[in-house]
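Trainee: Fold the stuff below for me.
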Amino acid sequence: MEKRVVLAIVLMVLVLFVHVWVQETYFAPPKPEPGPQATAPEGKAPGPSTEARKPETPKPAPPAEKPPPTPPTARRADAPRPPETTAEVVSPLYEAEVTSSGGRLRKWTLKYRGDKPLVSVGEQGPLGLLVGPEGAAEPVPMRISGPAVRLGVENPAGGLTLEGEADGLRVRESLGFRADTFTVEARIRIENASREARTVTVSLPWQARIPVKNPPPEKFPGQRPTEVVWSSGGSVHRVEDLTTLGSQVADGPWVAIGSTWYLAALMPKEGDFKLVTARDAAAEPRQGEAVEEHVVRVAARATPTIAPGQVWEGRVVMYIGPKEYDRLAALGLEGTVNFGGFPLPRAYGGLPMEWLGVPILKLMNWLHEFVPNYGVVIIVITVISKVLFYPLTVKGMRSMKAMQALQPQVNNLRNKYRSDPRKLQEETLALYRKHGVNPMGGCLPMIAQVPVFYALYLALSVSVELQNAPFLCFGRIFGVELWVCDLASYDPTYVLPVLMGISMFVQQKMTPTMGDPRQAKMMLVMPFVFTFMFLHLPSGLVLYWFVSNVLQILQQWWMDRPGAGATREAKNAARA
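Mentor: Numbers count the residues shown, from 1 in each chain. Take a look at the predicted model:
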């Protein structure tokens, strides 16, 4: 029964639908002709008379004259952005390419121990001059004054001038280049050609994409930025994990993004610029998705209010080059070099290493003026450090030998007072006082040298001069460099780390043993651990450690020769 009712309802709806369709299709009255109304505004219809057309013309005219979506599209089509042009800049230090879109650097390749591109389109580089309302600033389309700039001894300085308009503003940017520096000076002039005051955003940003998973290989060590650093309030601020960089605006002389060895810095000079750091929110993942990359930006940004007919001017200097300390210090950017700090308890902060690292860097560069090989320079610096600490080293070795001579008596005391630790400590100290031995004499000289060795380690770590600097390079065989052809890279043959491990093992065997002999045997494992750790460290650091071990062995051997008789007498006195 229910099926019949449903079928009847469906048939009635179908019949009604067919009836309405037949009525609309075959029996509906004809619609009026639209021809005269549509063609009347254009004057093409032959209508009967002017009076007959007048009452009909106003109705169809408005829709024909203003279709809503058309005007914005038509205006953008009428004023297209001019085609992008480029100009080449050739210098003894770099090769650059400037585009007319905001004066953006599309290419910046250093001629520094090989070609090193610091600008990679789509990965890292400047975005050009951005001008516009707050939150809507865009690269200004401009015209470039000339096709190329070539710098050299006869032409030490040159520049390009770019001019354009942006929403009633006349923009001119002058880029200055020099043959002896890695800097670009950008002079900006904005004239308000409108009839009302304008508040605009002027920004010179530098952007880098930091991949989180499966990053592409670098074209050279240090190409990908690893930190953002800026100066504000008289101190240097640093963010080494770019995935945690926050958005902030600060006052200060410079802001930079770079790696251990290379840097892109923005230094505002005129125009009330602010320092801006940001991590692009567009790089944040959706819910349930993993982060693919982080887009990090640093910028020099100003927001001037320009009165009608008035001009605003600003000046920003950009440094795009290696972290050579002398060059950076001349520009006030020495704070970008990260020497680190000697670790101390949190309550005491950290011990800055600049006061030791900077003299070592200056000494290394000074020695390189006389010794062209940086590997030999590292050896000379290691020898100098050993000579400076030779008195402390001798004192420590003598103290260790004296304690070694007294070791049998110390063992007897341990057996005698095994169940009374307090009495054992008193008798042991009394034995040391009787023979004039300081238990800490062998440790204090080593502790005093730790900050210096640590600073030397850091100085060699941040020294960009070691990149592509050979020590003993015999060429390539089957694509493998023989032997140390790049002090900033690891030894591909692993010969130098193995030699360092062997020298460390010999040093351990020659060092006087104190305390439990089982602990001395455990210390012999350290050379193998250090060899494994040093396999992929820069060759310059491994060379420093190897030479230091060899010099320590020579010092130990030298002290054992004349001191053998004195050591024998000390043993006899201890037995007596």
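Trainee: Give me the pLDDT for residue 443.
Mentor: If you check residue 443, the pLDDT there is 69.
Trainee: nope, residue 544 is what I meant
Mentor: You'll see residue 544 listed with a pLDDT of 89.
Trainee: Equivalent analysis for the one 3 residues further on, please.
Mentor: Turning to residue 547, the model gives it a pLDDT of 92.
Trainee: Could you give the number of residues near it?
Mentor: Look at residue 547: counted by other Cβ atoms under 10 Å, it has 20 neighbours. (C-beta placed from N, C-alpha, C; glycine too.)
Trainee: Could you grab the helix/strand/coil label for the closest residue to residue 148 other than its chain neighbours?
Mentor: Closest residue to residue 148 apart from its sequence neighbours, by Cβ to Cβ, 6 or more residues apart in numbering: residue 88 at 4.5 Å. Here residue 88 is recorded as strand under DSSP: H, G, I helix; E, B strand; the rest coil.
Trainee: The nearest residue to residue 124 once chain neighbours are set aside is in what secondary structure piece?
Mentor: In space, and not counting its chain neighbours, residue 124 is closest to residue 208: 4.0 Å by Cβ to Cβ, 6+ apart. For residue 208, the host element (DSSP states H and E) is strand 201-211.
Trainee: what's the next secondary structure element after that strand?
Mentor: strand 227-232.
Trainee: Tell me the confidence at the closest residue in space to residue 556 that isn't next to it in sequence?
Mentor: Leaving aside its sequence neighbours, residue 556 sits nearest to residue 510 (Cβ to Cβ, 6+ apart; 4.7 Å). Residue 510 carries a pLDDT value of 79.
Trainee: so residue 510 sits right up against residue 558, yeah?
Mentor: No - the pair residue 510 and residue 558 does not pass the contact test of Cβ atoms under 8 Å, sitting 11.2 Å apart.
Trainee: so where's the stretch 251-400 of the chain shaky on pLDDT?
Mentor: For the stretch 251-400 of the chain, the stretches flagged by pLDDT under 70 are 281-291, 341-351.
Trainee: Which residue ranges of it form helices?
Mentor: In the stretch 251-400 of the chain, helices defined by DSSP state H, counting those that start in this stretch lie at 325-331, 354-368, 374-388, 390-405, listed in chain order.
Trainee: now the ones you listed as a markdown table including mean neighbour count?
Mentor: Output for those, formatted as a markdown table (neighbours: other Cβ atoms under 10 Å):
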| stretch | mean neighbour count |
| --- | --- |
| helix 325-331 | 16 |
| helix 354-368 | 17 |
| helix 374-388 | 18 |
| helix 390-405 | 18 |
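Trainee: Looking at the ones you listed, spot the one closest to residue 488.
Mentor: Taking Cβ to Cβ, helix 374-388 is the member of the helices of the stretch 251-400 of the chain nearest to residue 488, at 9.6 Å.
Trainee: related to what we said a few turns ago, let me see the contact set for the residue nearest to residue 556.
Mentor: 553, 556-557, 560 (Cβ atoms under 8 Å, 6 or more residues apart in numbering).
Trainee: Which ChimeraX command selects the buried ones in those?
Mentor: Selection of the buried residues among these in ChimeraX, burial being defined by 16 or more other Cβ atoms under 10 Å:
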select :553,556
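Trainee: Quick one, which of the contacts of residue 510 has the minimum pLDDT?
Mentor: Minimum pLDDT across those falls on residue 560, with 74.
Trainee: Without its sequence neighbours, what residue ends up closest to that residue?
Mentor: Closest residue to residue 560 apart from its sequence neighbours, by Cβ to Cβ, 6+ apart: residue 510 at 7.7 Å.
Trainee: any idea how far that neighbour is from residue 393?
Mentor: With distances taken as Cβ to Cβ, to the nearest Å, residue 510 is found 13 Å from residue 393.
Trainee: Now name the helix or strand holding residue 555.
Mentor: Residue 555 belongs to helix 539-560 when assigned by DSSP H and E.
Trainee: for that helix, packing partners?
Mentor: Here helix 539-560 touches helix 374-388, helix 390-405, helix 444-462, helix 495-510, going by 3 or more Cβ pairs under 8 Å, 6 or more residues apart in numbering; DSSP states H and E.
Trainee: So for residue 248, which of those sits nearest?
Mentor: Residue 248 lies closest to helix 444-462 among the helices and strands packed on helix 539-560, at 25.9 Å (Cβ to Cβ).
Trainee: Enumerate the positions of that closest one that are buried.
Mentor: Buried, per 16+ other Cβ under 10 Å, within helix 444-462: 445, 449, 453-462.
Trainee: can you redo those residues as a markdown table with distance to residue 114?
Mentor: Below are the buried residues of helix 444-462 laid out as a markdown table (distance: Cβ to Cβ, whole Å):
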| residue | distance to residue 114 |
| --- | --- |
| 445 | 42 |
| 449 | 36 |
| 453 | 31 |
| 454 | 30 |
| 455 | 29 |
| 456 | 26 |
| 457 | 25 |
| 458 | 25 |
| 459 | 23 |
| 460 | 20 |
| 461 | 20 |
| 462 | 19 |
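Trainee: where's the dip in pLDDT among the residues you listed?
Mentor: residue 445 (65).
Trainee: about what we covered before: check the residue nearest to residue 124 and give its pLDDT.
Mentor: Per the predicted model, pLDDT is 93 at residue 208.
Trainee: Kindly report the same for the one 3 residues further on.
Mentor: Per-residue confidence for residue 211 comes out at a pLDDT of 84.
Trainee: Quick one: the strands in the stretch 51-200 of the chain, in order.
Mentor: 86-90, 94-99, 105-111, 115-117, 124-126, 130-132, 138-139, 142-144, 148-150, 157-166, 169-178, 183-192, 198-199 (DSSP state E, counting those that start in this stretch).
Trainee: Direction included, what does the second one pair up with?
Mentor: Taking DSSP bridges as the criterion, strand 94-99 sits next to strand 86-90 (antiparallel), strand 105-111 (antiparallel) in its sheet.
Trainee: export these to a markdown table and tack on distance to residue 266, mean neighbour count and mean pLDDT?
Mentor: Formatted as a markdown table, the strands paired with strand 94-99 follow (distance: least, Cβ to Cβ, whole Å; neighbours: other Cβ atoms under 10 Å; pLDDT from 0 to 100):
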| stretch | distance to residue 266 | mean neighbour count | mean pLDDT |
| --- | --- | --- | --- |
| strand 86-90 | 19 | 18 | 94 |
| strand 105-111 | 13 | 18 | 95 |
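Trainee: ok, the buried residues of helix 444-462 vs residue 353, which is closest?
Mentor: Closest to residue 353, out of all of the buried residues of helix 444-462 and judged by Cβ to Cβ, is residue 455, at 4.8 Å.
Trainee: Contacts only, for the closest one.
Mentor: Counting by Cβ under 8 Å, 6+ apart, residue 455 touches 339, 342, 353, 356-357, 360.
Trainee: give me that answer again for 6 Å
Mentor: Counting by Cβ atoms under 6 Å, 6 or more residues apart in numbering, residue 455 touches 353, 356-357.
Trainee: how about the strands in the stretch 201-350 of the chain?
Mentor: Secondary structure of the stretch 201-350 of the chain (DSSP E, counting those that start in this stretch): strands located at 201-211, 227-232, 235-239, 248-250, 254-258, 262-270, 274-279, 293-302, 305-306, 311-322, 341-343, 350-352.
Trainee: so which of the ones you listed is the most packed in?
Mentor: strand 254-258 (a mean of 26; mean count of other Cβ atoms under 10 Å).
Trainee: In which helix or strand does the closest residue to residue 501 other than its chain neighbours reside?
Mentor: Nearest non-adjacent residue to residue 501, counting by Cβ to Cβ, 6+ apart: residue 531, 3.2 Å away. Residue 531 is part of helix 526-533, with elements assigned from DSSP H and E.
Trainee: returning to that earlier point: looking at the strands of the stretch 51-200 of the chain, spot the one closest to residue 491.
Mentor: Checking the strands of the stretch 51-200 of the chain against residue 491 by Cβ to Cβ gives strand 115-117 as the closest, at 21.7 Å.
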